[in-house]
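Q: Let's see this in three dimensions:
(chains A and B)
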Amino acid sequence: MIPLQISPFQYVANGVVFSSIIVLAAIGLSLVYSIADFANFAHGDLMTVGAFSALFSVGFLRPMLGDAGVFGLPLWFFLALAFGMGAAAVISVITDRVVYQPVKGADSIGLLISSIGVALVYRALVFLSFGTEAERYGVPRQGPIPWVRETLGIAVTPRNLVVVTLTIVLVTALHLTLTRTTLGRKMRATADNADLARVSGIRTSEVILAMWLIGGALAAAGGVFLGLEELVRPRMGFDILLIVFAAVILGGIGSVYGAMLGGLVIGMVHELVPLFNQWGIIPVGSRYAAAVAFVIMVAILLVRPSGIAGDSG
Amino acid sequence: MSAVSSWVSETLVRDATERRIFATLGLITLLLVVGVLTGVIGPRFLLFQIALVGMYALLSLGLNVQWGYAGLINFSVAAFWGIGAYCAALLTAPNSPLGLGLHPVFGFLAAIVVSAFIAVLIGIPTLRLREDYLAIASLGLAEVIRAIILNERRWTAGSSGISGIPNLMSWLPLTDAATTAAIVVVLLAVVYLFLRRVHRSPWGRVLRTIRSDEDLAKALGKNTYQFKMQAFVIGSVIMAVAGAFYAHLNLYIDPSDLVPLTTFYIWIAVILGGTGSNRGAVVGAAVVIAIREGTRFLNDIGFIQTLGIDLAPLRLLFVGGLIILIMRFRQDGLLPPKDELIWPAARDESSTGGASPSGAVPDGGTASNGGDDR
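A: Purely as a prediction, here's the structure:
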């Protein structure tokens, strides 16, 4: 095979887009880890649920709104995104009420195993409702933005820009919520020490509700963006779940800001694997991109079990 | 006759719930026998299912050593199963990429050696980790193994799989199906007795201590890491043997069985059967096969075909729902471990106070009554 001459910056641009998706997913996983205290294996399939909920809403939004667009994407897409985020937020709250809260003597392992059951149920419901085929949102195909291509020599489509911009908006909104609102302070306190928060008079049930809403909505956003960049597939979320776990572990389990940083790093590494291969740093190609992320995860656990940004201890 | 019934009441069945469970199992067995005799079920098909149950039971026993005895959350069951299956297939099938066509014994030996080696490699970084980290790390490493098998076509034939795997012991005067079923029954009995023996040994007692309180085990001067590694390797080797057997049962292997869903099936079998209980692992494996294969039958029923429902998602829904229901309502499983760690002789001594010779040991009568350590 003749190696295609692709600018290294192209891989970086791809990495930024993929990182955005991982960051959005990692925040929710990290929130559940810190506040509900278990590894939620259903988080990946929650992304799928969000992506397919958005796909469902496209069915009625598109005829209603026509193809009027903003920022190079049709308006219906943004509303479908909002719909998917809302649906996943509601579904994750319902799941918590129906499944996680009633598990008696819920230790973190019982919840972890329950969450595998939830993941399979989510996936089965997606299969039953939408079939097994990969789908598309039907956003018109777009070429790379010409001036970026001419000045930097890399291909960036308007949808890439929308994904990255909306991720920055969502992450900033979360940051402001966590630091500037009473709810955010309660969440941080509960994440830090749930028992102490409870005896200090914080209604932890309120915090847990907010956690599932935020985590579910962000997971859905990640799922919709993944579906926009690639395809909407019933296994899409589960397939990247371990990469998201890698990001969360890299950033330090339970730390939201760590999850953002970890997501950025893991997403970048995932997309830079072919480049590293070209440069001879690692002997494997892009087929092993996910495997490289897992190996990094295990290596991090080995030398620093609490992650980059985690507490020492 | 009374000796048999007292053996049953003392070692197999311990209370009314368990009696009901065994009665149900007996009824199903009876139905299967009647089905074969009346020609509804082909004997070949039944023998294949028995072999499949035996294979799943081996996997469940392997996981039970890791999770039930030592409390290790290993989510790489499918990977070790796949290592065993691929060792057997690559070495014995004449048309595998290696093209060696060796005797099946070498396949089993390679499965044991390679799986033990990889278990140590995976165990070194992960067994020191907190339990849920181990879950994630082992699932990640299992996916790495699956990616390698899928992508290194020169060595593993990739997604096209390996066919032409020879039958085991075709010189036996039995049909192929009967031979494999007989082999797995013997294999299962050997592994079962071995595990019961080691579980009751001091080694098994240390593992139980580690599972309920690792700090206590450390305080008692035990090198818990060593013990966990031994349990991990033993369990992984049993899984690989099951995989090697499967290669000779199915005569074809491809990477599609190495997906995490296979691992989750085995987890259901162990938790449903009763974590820590070997007999539970066997029963759980039978139930999981009943779910997997029973739902396959539904496809043949004309009514369901006319509805046009694809049954694969329904099966997934059922399995997921089952996990949730077990965790919520019967975390101890169908046959939770009771006094499996006590030597029969010791039990008789401790229960001499008033217990009739033929009576079952009363529940909770011993200090090491199990199944309550979660």
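Q: Give me the pLDDT for the residue of the stretch 201-313 of chain A found nearest chain B.
A: Closest to chain B within the stretch 201-313 of chain A is A:Phe294: 3.4 Å, counting by CB to the nearest CB. The way it works is simple: take the backbone N, C-alpha and C, and place the C-beta from them, glycine included. Looking at A:Phe294, its pLDDT is 87.
Q: Can you give me every residue that contacts it?
A: A:Leu242, A:Ile243, A:Ala246, B:Gly140, B:Leu141, B:Glu143, B:Val144 (CB atoms under 8 Å, 6 or more residues apart in numbering or on different chains).
Q: what's the most distant pair in the residues you listed?
A: A:Ile243 and B:Leu141 (14.0 Å; CB to CB).
Q: of the two, who's got more company?
A: A:Ile243 (28 against 24; other CB atoms under 10 Å in any protein chain shown).
Q: Am I right that the more buried one is in contact with A:Met268?
A: No: A:Ile243 is beyond contact range of A:Met268, at 11.7 Å (criterion: CB atoms under 8 Å).
Q: Which strands and helices lie in contact with the host helix or strand of B:Ile289?
A: Assigned by DSSP states H and E, B:Ile289 falls within helix B:278-298. Contacts defined by 3 or more CB pairs under 8 Å, 6 or more residues apart in numbering or on different chains; DSSP states H and E place helix B:278-298 against helix B:16-37, helix B:43-63, helix B:176-200, helix B:260-273, helix B:311-329.
Q: ok, so what distance separates the residue nearest to the spatial centre of chain B from chain A?
A: With distances taken as CA atoms, centre = their mean, B:Ser60 lies nearest the centre of chain B, 1.7 Å away. Distance of B:Ser60 to chain A, computed by CB to the nearest CB, to the nearest Å: 15 Å.
Q: ditto for B:Val40
A: 30 Å.
Q: Am I right that that residue falls within a strand?
A: No: assessed with DSSP: H, G, I helix; E, B strand; the rest coil, B:Val40 is coil; it does not lie in a strand.
Q: Could you tell me the phi and psi values at it?
A: phi -70, psi -40 (degrees, to the nearest 10).
Q: Around chain B, pick out the residues from the stretch 51-200 of chain A.
A: A:99, A:102-105, A:107-110, A:112-114, A:116-125, A:127-128, A:131-132 (CB under 8 Å from any CB of the partner chain).
Q: Show the buried residues in the residues you listed.
A: Neighbour counting with 16 or more other CB atoms under 10 Å in any protein chain shown marks A:99, A:103, A:108-110, A:112-114, A:116-125, A:127-128 as buried within those.
Q: got the residue ranges for the helices in chain A?
A: According to DSSP state H, chain A carries its helices in the segments A:8-31, A:43-65, A:75-95, A:108-130, A:146-152, A:158-180, A:182-192, A:194-199, A:204-229, A:236-251, A:256-278, A:289-303.
Q: Would you mind confirming that A:Val12 makes contact with A:Leu264?
A: No: look at A:Val12 against A:Leu264 with CB under 8 Å: they stay out of range, at 11.6 Å.
Q: higher neighbour count, these two?
A: The neighbour comparison of A:Val12 against A:Leu264 (other CB under 10 Å) goes to A:Leu264, with 21 against 14.
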